[in-house]
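J.: Fold the following for me, if possible:
(one chain, ligands or ions: 2)
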Amino acid sequence: MTTMFDKLWQDHVIAGEPGDPQLLYIDLQLIHEVTSPQAFEGLRINHRKVRRPDLTFGTMDHDVPTENIFNIQDTIAKAQIDTLKKNCQEFGITLAKIGDSRQGIVHVVGPERGLTQPGKTIVCGDSHTSTHGAFGALAFGIGTSEVEHVLATQTIWQTKPKTLGVKVTGQLPHNVFAKDIIMGIIGKYGVAVGQGYAMEFYGPTIDAMSMEGRMTICNMCIEGGSKTGMVAPDATTYDYVAGREYAPKDMAKAIEYWQKYKTDSEADFDKVIEFDVSTLAPMITWGTNPGMATSVRSTLPEIADEDDKKAYQYIGLHPGMTAEEIPLDYVFIGSCTNGRYEDLKTAAAFMKGKHIAPNITAWVVPGSRAVRNRCMEEGIAQTFIDAGCEWREPGCSACLAMNPDKIPAGKHCASTSNRNFEGRQGAGARTHLASPAMVAAAAVAGHFVDISKQAINA
Ligand SMILES: CC(C)[C@H](C(=O)O)[C@@H](O)C(=O)O
Ligand code: SF4
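T.: Ligands and ions are numbered 1, 2, ... in the order given. The predicted model follows:
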């Protein structure tokens, strides 16, 4: 009797004793422009090749300007983008470059292309690689020296974490979403809940959830301190993967194999926590880490420690304020947490036939070219445009301040992304994380509102 995580781990161990670091075989490495240049440079210096270019896939995301995608002004960004192009050409790696129909945020592109599959070990020089665990993969972020190691050997040394089962139960209330669940869990148990653990999310609420929702939850595992999160594959997973560009041609055979990736019994986890969503309210963050989260219905909490004091100072709010009183200036809908088709469709439902408030600047940034195209075909993009939003090209955008999409100092931004650290969206910028529906509704109202009381059905 064992966990899905243990099965995935065991199936990929090449060397090393249990208890010691072990060498794992890697089935897929995704690369982007920010964390790969030094890795390729290392290969060159050591006269090495990429061992499995066919198991490596590149895309451009962090540095991409979303207004005029080909016009990169920043010299560092331009150098990183040009270097990735050169490296992929030289080492024979498929690259979804700017302008390519497959380009987008690495964690949106992998699943969308069918590269992300159950049973795989997946790495990327990016902390939100945990997203891919939603498919029943063992997926985690690595550092640039490890990127080089995987490029050269298709393996990586890892210390095995313990396992944490997160049982999610209850029917999600009206207009409460996957994003609220993961924010609720981190808000309740703290940003270190998953430290040293591989998390598996399971239970009836997860079973009923779409792949997009599962990805949102696994994406933010890292904000809960865990490098990896996962959901056992099921019919929802198989339906999502089937027919995609890199999906197995013989799906029946693949499914037969993938079915073994499930946890045999709850008792197999080192630790279990249970989270009931039936009374969960839409969540927002008020502070400067993702654990500083609260229900939209609560007033902002009292100052409990130095961190809270510092957070309140930075964010310019005070305890006892209501969520509605947070003076929003910007909204950002996008990122690898919530920049997928379903996220944009949901957000658009809250803007249909409406206009954003005069105090709001709104950027809607699809997670990939494919998401963008689909939203344009289905009129979702037009809904945003008619509502007064800026409809952008795909990239990481305002999720982090590595491209021109920066929130000005002192301004408050309601954001569908995953991090609200000081300066994350620009020097001095103030971030409030929330679900796409919450952010869209806030854009229209000009401030946060309790959408669980709104009639709109996304
Ligand atoms: C730039 C990259 C290394 C970073 C990460 O690892 O997560 C980024 O994607 C982020 O979200 O902060
Ligand atoms: S969208 Fe944000 S969190 Fe995701 S990879 Fe890009 S910068 Fe990191």
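
J.: so His318 touches Leu300, yeah?
T.: Yes - counting by C-beta atoms under 8 Å, His318 sits close enough to Leu300 to count as a contact (7.1 Å). In short, each C-beta sits where N, CA and C put it, glycine included.

J.: can you pull the buried residues of stretch 35-49?
T.: Thr35, Ser36, Pro37, Ala39, Phe40, Gly42, Leu43 (16 or more other C-beta atoms under 10 Å).

J.: Specify which residue of His318 and Leu300 has the higher count of neighbours.
T.: Leu300 (22 against 12; other C-beta atoms under 10 Å).

J.: sec struct for the closest residue to His132 other than its chain neighbours, please.
T.: Nearest non-adjacent residue to His132, counting by C-beta to C-beta, 6 or more residues apart in numbering: Ala139, 3.7 Å away. Look at Ala139: counting by DSSP: H, G, I helix; E, B strand; the rest coil, its state is strand.

J.: dump the residue contacts of Ala139.
T.: Counting by C-beta atoms under 8 Å, 6 or more residues apart in numbering, Ala139 touches 116, 120-124, 129-133, 218, 228, 230.

J.: For the buried residues of stretch 35-49, which two are the farthest from each other?
T.: Thr35 and Leu43 (14.2 Å; C-beta to C-beta).

J.: Just name whatever secondary elements the top helix by length along the chain is in contact with.
T.: The residue-count maximum for a helix in the chain (DSSP state H) belongs to helix 75-91. Where contact means 3 or more C-beta pairs under 8 Å, 6 or more residues apart in numbering; DSSP states H and E, helix 75-91 is packed against helix 37-45, strand 94-96.

J.: Need the mean per-residue confidence for that helix.
T.: Mean pLDDT, computed over helix 75-91, is 98.

J.: Can you point out the buried residues in that helix?
T.: Ala77, Gln80, Ile81, Thr83, Leu84, Lys85, Asn87, Cys88, Phe91.

J.: what's the closest non-adjacent residue to Lys345?
T.: Ile380 (5.7 Å).

J.: hang on, isn't that neighbour packed against Leu344?
T.: Yes - checked against C-beta under 8 Å, the pair Ile380 and Leu344 is within contact range at 5.7 Å.

J.: Who are the contact partners of the residue of the stretch 1-150 of the chain found nearest ligand 1?
T.: Here the residue of the stretch 1-150 of the chain nearest ligand 1 is Ser127; by C-beta to the nearest ligand atom that distance is 3.5 Å. Contacts here follow C-beta under 8 Å, 6+ apart; on that basis Ser127 touches Gly141, Ile222, Lys227.

J.: isn't the second one right next to Gly141, touching?
T.: Same thing as Ile222. Yes - with contact defined as C-beta under 8 Å, Ile222 reaches Gly141; the gap is 7.0 Å.

J.: Show me this structure divided up by domain.
T.: Here the domain parsing of the chain from automatic domain parsing is 4-158, 162-233+255-276, 284-453.

J.: And the ones you listed: which comes nearest Gly243?
T.: domain 4-158 (7.8 Å).

J.: Next one, pLDDT for Gly455 please.
T.: I think there's a mix-up here, since residue 455 is Ala and not Gly. Confidence score, pLDDT, at Ala455: 85.

J.: And for Gln117?
T.: 98.

J.: To what extent is it buried, counted in neighbours?
T.: Number of residues near Gln117 (other C-beta under 10 Å) recorded here: 25.

J.: which residue packs closest to Asp126, ignoring adjacent ones?
T.: Gly141 (5.2 Å).

J.: doesn't Thr131 make contact with the one you found?
T.: No - Gly141 is beyond contact range of Thr131, at 9.9 Å (criterion: C-beta under 8 Å).

J.: So between those two, which is more surrounded?
T.: Taking other C-beta under 10 Å, Gly141 and Thr131 do not tie; Thr131 has more neighbours (34 against 18).

J.: how would you label the more buried one: helix, strand or coil?
T.: Secondary structure for Thr131, judged by three-state DSSP, is helix.

J.: residues touching it, list them.
T.: With C-beta under 8 Å, 6+ apart, Thr131 has these contacts: His107, Gly110, Pro111, Ala139, Met215, Cys218, Asn219, Cys336.

J.: strands paired with the helix or strand where Ile156 lies, and their directions?
T.: Using DSSP states H and E, Ile156 maps to strand 155-158. Take DSSP bridges as the rule and strand 155-158 pairs in its sheet with strand 22-25 (antiparallel).
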